[in-house]
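Enquirer: pasting the sequence and the predicted coordinates here, then a few questions.
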Amino acid sequence: MSEVAAGWYPDPDGKPADRFWDGESWSDRTRPATTPNPPEHVQPVIAQRPSTNVLAILALVSAFVVPLILPIVLGYIALGQIRRTDQEGRSLALAAVIIGWVFLAFIVLWAGAIFILFDNASFAGAA
């Protein structure tokens, strides 16, 4: 008795068809192949790096050109896009956000210092 169960198998002669094995020998019955033949030529797959997020680049540039609120806003928008799309540029967007917040804190402190100086000067002049 054969160990291979009866059923349809790829043709042993290499033809693009299935042949029926009755459990002891190959029959003359054939049918179109159910297993697809491998393609003759396979195109190589070239892995592409994800692109850098454009808003991350603009955020970093704006941190040095117009360093007020713009790099913070663009940086946060870019971080959200990068998280959703797996693009590169997270470090650029993060740098823009940090530079924007540091510059904004510097402006607020500087404005507070100027306000205190002029307030004290006007107070001293009034006396």
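Expert: The structure has been received and is ready for your questions.

Enquirer: what are the buried residues along the helix or strand hosting Gly112?
Expert: Taking DSSP states H and E as the criterion, Gly112 maps to helix 90-126. By 16 or more other CB atoms under 10 Å, the buried positions in helix 90-126 come out as Arg90, Leu92, Ala93, Leu94, Ala95, Ala96, Val97, Ile99, Gly100, Phe103. Heads up, the C-betas are built off the backbone N, CA and C, glycines and all.

Enquirer: spatially central residue for the chain, please.
Expert: Asp86 (1.4 Å; CA atoms, centre = their mean).

Enquirer: regarding this structure, what is its longest strand?
Expert: Longest strand in the chain, counting residues (DSSP state E): strand 26-32.

Enquirer: now the helix or strand following that one: how far from the chain's centre is it?
Expert: Using DSSP H and E, the next helix or strand after strand 26-32 towards the C-terminus is helix 54-65. A distance of 19 Å separates the centroid of the chain from that of helix 54-65, by CA atoms, centre = their mean, to the nearest Å.

Enquirer: and whatever helix or strand comes next after helix 54-65 with helix 90-126, angle?
Expert: The helix or strand immediately downstream of helix 54-65 is helix 70-85, counting by DSSP H and E. Computed with axes from the mean of the first three to the mean of the last three CA atoms, to 10 degrees, the direction of helix 70-85 lies at 160 degrees from that of helix 90-126.

Enquirer: and the nearest residue to Arg90 once chain neighbours are set aside, how far is that from Val66?
Expert: What sits nearest to Arg90 in space, not counting adjacent residues and going by CB to CB, 6 or more residues apart in numbering, is Ile82, at 5.1 Å. According to CB to CB, to the nearest Å, Ile82 stands 22 Å off from Val66.
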